[in-house]
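> could you look at this predicted model? Sequence included:
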Amino acid sequence: MPFAYYDKLSRARQRIYRKSDAIETLGIPPGLALGGAIAAIAYALRREHRTSAQSACQSLVDALVEGYRVPAVRVKVLLRRPADDYGELHGLYEPEEDGARACITLWMRTAQKKQVVAFKTFLRTLIHEVCHHLDYELFALEETFHTEGFYKRESTLVSALLGQFAAHPDFLPPGSD
């Protein structure tokens, strides 16, 4: 069932929406073992180290886009989320434009309490933005919409990554260090 905004889309955009909605799964590309990359993100967040978090996120994204055989995307991790009357911005995907590489921006800390974002929330946000990139580059969609299929793709990929993380020798459950 389409989300409420579907009815306000043009017929052409509804077609793109339906195409996106029909793609429901997204696994880790074959042969990639990413538990270590996920562990590096978790470690950087526990240490509240922005540059390490950015480097770890970039490594994970580089491996994923190489595995999917799509163009690279730059990752920026900034300190505090921007906020306005509508709430906080968790992540932002900016597609390639005028030769500039696509960019994903994430924030490490919440806007209000300035606390480090929980690891799983941070990872899900990163993968959410990666899924926008894949909509354009892997699935050749003219637009990227938040459809049920989009959220299912995001969830299947996050679940697969967390599975590899839990099996990694550097896995430390939250609060164990």
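The structure has been received and is ready for your questions.

> show me what the worst-scoring helix or strand of the chain on mean pLDDT is packed against.
Each helix and strand of the chain was given a mean pLDDT (mean pLDDT, DSSP states H and E); the minimum falls on strand 83-84 at a mean of 70. Strand 83-84 sits against no helix or strand, with contacts defined as 3 or more Cβ pairs under 8 Å, 6 or more residues apart in numbering; DSSP states H and E. Placement of C-beta: from N, CA and C, glycine included.

> helix or strand right after that strand?
For strand 83-84, the following helix or strand on the C-terminal side (DSSP states H and E) is strand 87-88.

> partners of that next one in the sheet?
Note on strand 87-88: by DSSP bridges, its sheet partners are strand 83-84 (antiparallel).

> what's around the residue lying closest to Ala40 once chain neighbours are set aside, how many residues?
With sequence-adjacent residues excluded and distances taken as Cβ to Cβ, 6 or more residues apart in numbering, Ala40 is closest to Ala56, at 3.7 Å. Close neighbours of Ala56, defined as other Cβ atoms under 10 Å, add up to 24.

> so what's Ala56 up against?
37, 40-41, 43-44 (Cβ atoms under 8 Å, 6 or more residues apart in numbering).

> tell me the SS of Leu78?
Per DSSP: H, G, I helix; E, B strand; the rest coil, the local secondary structure of Leu78 is strand.

> what's the spacing between the residue lying closest to Thr147 once chain neighbours are set aside and Pro2?
Counting by Cβ to Cβ, 6+ apart, Asp21 is the residue found nearest to Thr147 once chain neighbours are left out, at 4.0 Å. According to Cβ to Cβ, to the nearest Å, Asp21 and Pro2 sit 7 Å apart.

> could you do Pro30 as well?
Pro30 is 32 Å from Pro2, where distance means Cβ to Cβ.

> the more surrounded of these two?
When neighbours are counted by other Cβ under 10 Å, Pro2 comes out ahead of the other of Pro30 and Pro2, with 14 against 6.

> before we move on, which element is the more buried one in?
Using DSSP H and E, Pro2 falls within no helix or strand.
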